[in-house]
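have a look; sequence and predicted model below, questions after that.
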Amino acid sequence: MVKTSASINLATKISKQLPPELIAFMQLAGRIAQQREQRLYLVGGVVRDLLLGRANFDLDLVLEGDAISLAQEIALVKGGKVTAHHRFGTAKLRWDNFSVDFTTARSESYPEPCALPVVKPASIKEDLFRRDFTINAMAVELSPAAYGQLLDLYGGRSDLEGKLIRVLHERSFIDDATRIWRGLRYEQRLGFELEPVTLGWLKRDMAYLDRLSGDRLRHELELVLKEECPERVLQRADQLGVLARLHPGLKGDGWLAEKFSEARRLSAPDLPSFGLYLSLLGYHLSVEEAEQLISRLRLPKLAAQALRDTINLRDELALLADPELPPSRIYFLVCGYSTPAVMANFLAGESAVARQHLGLFLRKLRYVKPALNGEALTQMGIAPGPQIKETLKQLLEARLDGKVKTRRDEESLVKRLLA
Ligand code: ATP
Ligand code: MG
């Protein structure tokens, strides 16, 4: 199955698709590596995207040799800052707004399923073999002698043409079950399909997802939620039973797809936060199920809070369903919940009136502030301490309900309160 593509050279694609600054950098790096009699390659996602004509400026370089000392030597010539990880033999070189990753070519072996691998320096051929999918396992030579030459040892180009996501060997998902989520991401992002044998292995090995640490699993979910259309990945994950492994109460259905696209409209021009997407995904969980998800994913404080608040607010939503509620009442019912939780209920709540009230809170009420502050109140003769806080709250309430409109109005209100 090993294919060679001696004739394929990507120099033209590189010159058309990458910024001149990065091209000059790669050529310099290639020259310095060649002087050291080492081979340097561009690898992984950027090679895939060069062939697909998709924008990607994340350069991953692999050296047959010590990547850290190469990065340092390049930095001496061109400037920039090197951050090295000696344990992994990797380095990041940053200059201006650019950053390039250097890795020492290595092989990996997995002493136990889903444990971190034992790595040792190896050839580019072995380095490519440790990768997740054939389409991510191609390299481009950067040494001047062979600049632009594509190294496609495992059929990556043919799988790009066939639009297939294919692992390199039968134990791939057992070694590292994060590849299951990665596979679904690429499939949906690129409009590809899992190749049938790979799909069979994925289904067979799905239970290994349960062996992943919370941190690694959460990282995969974060990556999914950074995709342009995460709902597609979640729908596919649901269909295959992968989502249920995260938590059996989760659904990737048409409802979720609709809510996710509304969340994008609501958050534009930014993308929805992790907390908002997660709160929509977990919207129908019980309090107890949400806690299970939070601990399985070892969710950090903010995200855990978003999900908890979402579910608590959902369970209190009836209080917001009264069409006669004055704005101040809406405000004080909602202001204790985190913003993603309010957004999630605005998008997903069942009562139309409650949703309207949440919309009013998000658009307007949350930004309302009295003109007078604590200092102004003290000057007007209010004793420092709890009374200030109480008066500020009364001012806010009056503002929210339109009973005061100007600083003048507020001052008269304070005088009345003092009298
Ligand atoms: P993206 O566009 O999503 O960043 P990418 O291909 O650049 O895609 P990265 O997660 O940045 O993906 O990883 C870079 C490369 O490292 C991949 O192309 C792949 O070759 C390899 N890789 C990453 N994660 C794994 C993994 N879990 N198992 C095997 N190889 C991996
Ligand atoms: Mg990448």
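Noted; the coordinates are in hand. Ligands and ions are numbered 1, 2, ... in the order given.

quick one: low-confidence residue ranges for the chain.
1-6 (pLDDT under 70).

90 instead?
1-7, 87-88, 114, 116, 383-384, 418-419 (pLDDT under 90).

this structure against ligand 2: which residues are in contact?
Within reach of ligand 2 by C-beta under 5 Å from the ion, the chain has these residues: 45, 58. Glycine gets a C-beta too; all of them are placed from N, C-alpha and C.

what sits against the closest residue to ligand 1 within the chain?
Closest residue of the chain to ligand 1, C-beta to the nearest ligand atom: residue 45 (2.3 Å). By C-beta atoms under 8 Å, 6 or more residues apart in numbering, the contact set of residue 45 is 56, 58, 60, 136.

would you quantify the distance from the second one to residue 278?
Shown here: residue 58 relative to residue 278, a distance of 25 Å by C-beta to C-beta, to the nearest Å.

neighbour-wise, which of the two wins?
residue 278 (26 against 11; other C-beta atoms under 10 Å).

the helix or strand that one falls within packs against which elements?
Under the criterion of DSSP states H and E, residue 278 resides in helix 274-281. Packing contacts for helix 274-281, counted by 3 or more C-beta pairs under 8 Å, 6 or more residues apart in numbering; DSSP states H and E, involve helix 214-225, helix 254-267, helix 301-315, helix 339-348.

and the angle for it with helix 339-348?
40 degrees (axes from the mean of the first three to the mean of the last three C-alpha atoms, to 10 degrees).

could you shift the numbering so residue one becomes 58, and keep it that way?
That works, and once the first residue is 58, the last one we named lands at helix 331-338.

residues in contact with helix 331-338?
Under C-beta under 8 Å, 6+ apart, the answer for helix 331-338 is 278-279, 282, 287, 291, 307, 313, 316-317, 320, 324, 356, 359-360, 362-364, 366-367, 395, 397-398, 400-401, 404-405.

distance from it to the middle of the chain?
Averaging C-alpha positions (C-alpha atoms, centre = their mean, to the nearest Å) puts helix 331-338 12 Å from its chain's average.

next secondary structure after that helix?
helix 344-353.

please name every helix or strand in contact with that following helix.
Looks like helix 344-353 contacts helix 271-282, helix 358-372 (3+ C-beta pairs under 8 Å, 6+ apart).

give the buried residues for it.
346, 347, 350, 351, 353 (16 or more other C-beta atoms under 10 Å).

for residue 266, see how far away the closest residue to the third one other than its chain neighbours is.
Going back to what we said before, that points to residue 350. The shortest distance from residue 350 to any non-neighbouring residue, by C-beta to C-beta, 6 or more residues apart in numbering, is to residue 304 (4.8 Å). Going from residue 304 to residue 266 by C-beta to C-beta gives 12 Å.

look at the two and report which has more neighbours.
residue 266 (20 against 17).

and residue 441, what does it touch?
Residue 441 touches 431, 435, counting by C-beta under 8 Å, 6+ apart.

would it count as being in a strand?
No. Under the criterion used here (DSSP: H, G, I helix; E, B strand; the rest coil), residue 441 is coil, not part of a strand.

next one: phi and psi at it?
phi -60, psi 150 (degrees, to the nearest 10).

ok, it to residue 235 distance?
From residue 441 to residue 235 the distance is 56 Å (C-beta to C-beta).

tell me which other helices or strands the helix or strand harbouring residue 184 touches.
Using DSSP H and E, residue 184 maps to helix 181-186. With contacts taken as 3+ C-beta pairs under 8 Å, 6+ apart, helix 181-186 sits against strand 97-100, strand 163-166.

pretty sure residue 285 is touching residue 246, no?
Yes. If you go by C-beta atoms under 8 Å, residue 285 and residue 246 touch, sitting 7.2 Å apart.

restrict the contacts of residue 102 to those near ligand 1?
Restricting the contacts of residue 102 to those near ligand 1 by C-beta under 6 Å from any ligand atom leaves 115, 117, 193.

which ones are touching the first one?
With contact set as C-beta under 8 Å, 6+ apart, residue 115 has these partners: 102, 103, 158.

of all the residues you listed, which comes closest to residue 130?
residue 158 (16.1 Å; C-beta to C-beta).

returning to what we had before: I'd like the contacts of residue 102 as a markdown table, with secondary structure and distance to residue 214 appended.
Shown next, in a markdown table, are the contacts of residue 102 (DSSP: H, G, I helix; E, B strand; the rest coil; distance: C-beta to C-beta, whole Å):
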| residue | secondary structure | distance to residue 214 |
| --- | --- | --- |
| 113 | coil | 17 |
| 115 | coil | 20 |
| 117 | strand | 18 |
| 193 | helix | 12 |
